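Asks: This is a predicted model, with the sequence first.
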Amino acid sequence: MKQELALRLLNGLMKWGLIKANEEFKWLKLLVEYKYDHYQGYSPGARFLINLINWLKQFPTIEEREVAYKFIRQRLIFINQREMHHLVNLSMPLFDSEARRLVAKELGLKFYETWNNIEAARRLKLLRMRTLYVALSDGAHIDVFRRDSDASNEQVVPLAEISQHKWRSLSEKLRKRLDAEFPKERELFERICLIDDFTGSGYTLLRFDFDKNKWDGKVHNFCIQCKDNNILGQYVSENCTVHVHHYLASTKAKECIDQELNKYKQTFDNFSFLTTFSYFLPLDIVVNDNDAPELVELITKFYDKSIESSEHTKEDIWYGYKQCGLPLVLDHNTPNNSIALLWAKSKNSSESLSKMRPLFHRKERHIDHGKK
């Protein structure tokens, strides 16, 4: 559908006057071209404006459509590819800064003293060489990180599940790099940076499963892999630092991760943990029951329980998974931590009167395969 026709249909749906329509069209054209039309969850040929029209049609009254449009106009945060790549580019300076802090602590120096200390410079160079960068998911943009950083290709791994053959190859290549300047040092990685793009709740990264009475999550799985497969002491140093980094996180996730890691580190004497974030979203962007009553009513009224999954999302996720309440869309997908109205689609079998239509269709990572 041509943009001008879509805008006319939108104007008819929203019943804007001439002045209001011109104002909104200017804003829409800018954001559509710069961001929204580039959403990778749209099917070939699909565009934002037609999705916006269909999305607004699920709200029967003009007052409800105005509340929904105002939410998109004023609260939606859309991270496009260029902005995500900028967050990726901020990662290596953070890694270097934390490496310098580790060296300063080890040598008993103040942070600023490491810049003009010969021993610190040499120790920092060794630490950088013995650092491994590991992607925790396919969304980690590890290809962009590798191209834009000064890390060697042999220090960057695109998967967290590393085979014995790969560990051996990484160790051999590390030995070759060390021989040039540090021939007496062992080929052991002493810092591992675990990288991911986004976390909304922190739950998938690390959590304690009280039903099974054990830890679970990406960090735990990686640490267990190192411990159970005899990686420690053979390819990874016994006092390894695990540096967990996200390009983007909610404040809730940041606090949860820090809290859980403080508990988790007591179970692993061989690892120390630290976290960094290129950027974390402030608390004031979160949508919850304290928001405008008309917005809360819209979110809860037009909600269909058929979108829930007993195994993954649990119940009552109108504010998103774990009730994170994020008005967030990433260019490649919409997190399920975001407001359900943005991404949820009712199942065909749903008997709800509120059939949900997504504005930004979400690609699900967990499929029920016919389960109810």
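Replies: That came through, no problem.
Asks: isn't K355 right up against K305?
Replies: No: in this structure K355 lies outside contact range of K305 using Cβ atoms under 8 Å: 11.9 Å. C-beta here means a position set from N, CA and C on the backbone, and glycine is covered the same way.
Asks: hey, where'd the strands end up in the stretch 1-150 of the chain?
Replies: Listed in chain order, the strands found in the stretch 1-150 of the chain under DSSP state E, counting those that start in this stretch are 77-79, 131-135.
Asks: Give me whichever of those is most buried.
Replies: Among the strands of the stretch 1-150 of the chain, strand 131-135 has the highest mean neighbour count (mean count of other Cβ atoms under 10 Å), at a mean of 22.
Asks: From the contact counts, what lies against it?
Replies: helix 91-107, helix 142-148, strand 156-157, strand 189-199 (3 or more Cβ pairs under 8 Å, 6 or more residues apart in numbering; DSSP states H and E).
Asks: which one of the ones you listed lies closest to E23?
Replies: Of all the helices and strands packed on strand 131-135, it is strand 189-199 that lies closest to E23, at 32.3 Å by Cβ to Cβ.
Asks: From start to finish, how long is stretch 103-119 in a straight line?
Replies: 10 Å (Cα to Cα, to the nearest Å).
Asks: wait, I meant stretch 195-211
Replies: 28 Å.
Asks: Would you mark the buried spots in it?
Replies: 195-207 (16 or more other Cβ atoms under 10 Å).
Asks: could I get these as a markdown table with pLDDT and distance to S97?
Replies: Below are the buried residues of stretch 195-211 laid out as a markdown table (pLDDT from 0 to 100; distance: Cβ to Cβ, whole Å):
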| residue | pLDDT | distance to S97 |
| --- | --- | --- |
| I195 | 97 | 16 |
| D196 | 96 | 19 |
| D197 | 95 | 20 |
| F198 | 96 | 21 |
| T199 | 95 | 21 |
| G200 | 94 | 25 |
| S201 | 93 | 26 |
| G202 | 93 | 22 |
| Y203 | 91 | 28 |
| T204 | 92 | 26 |
| L205 | 95 | 21 |
| L206 | 95 | 23 |
| R207 | 94 | 28 |
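Asks: Could I have the CA atoms of the least confident helix or strand in the chain by mean pLDDT written out in PDB?
Replies: When each helix and strand of the chain is scored by mean pLDDT, DSSP states H and E, helix 3-14 comes last, with a mean of 88. The C-alpha atoms that make up helix 3-14 are tabulated as PDB, following Å, rounded to 0.1, in the frame of the first residue of the first chain:
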ATOM      1  CA  GLN A   3       2.300   5.700   2.000                       C
ATOM      2  CA  GLU A   4      -0.100   8.500   1.000                       C
ATOM      3  CA  LEU A   5      -3.100   6.100   0.800                       C
ATOM      4  CA  ALA A   6      -2.100   4.600   4.200                       C
ATOM      5  CA  LEU A   7      -1.900   8.000   5.800                       C
ATOM      6  CA  ARG A   8      -5.400   9.000   4.400                       C
ATOM      7  CA  LEU A   9      -6.900   5.700   5.800                       C
ATOM      8  CA  LEU A  10      -5.200   6.400   9.200                       C
ATOM      9  CA  ASN A  11      -6.600  10.000   9.200                       C
ATOM     10  CA  GLY A  12     -10.000   8.600   8.600                       C
ATOM     11  CA  LEU A  13      -9.600   6.100  11.400                       C
ATOM     12  CA  MET A  14      -8.300   8.700  13.900                       C
END
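Asks: On the pLDDT front, check N348 for me.
Replies: You'll see N348 listed with a pLDDT of 85.
Asks: now do S43
Replies: With respect to pLDDT, S43 has a value of 85.
Asks: For it, give its distance to Y69.
Replies: In this view, S43 and Y69 are 23 Å apart by Cβ to Cβ, to the nearest Å.
Asks: Those two: who's more crowded?
Replies: Neighbour tally, S43 and Y69, criterion other Cβ atoms under 10 Å: the higher count belongs to Y69, 19 against 6.
Asks: can you pull the contacts of the more buried one?
Replies: M14, L56 (Cβ atoms under 8 Å, 6 or more residues apart in numbering).
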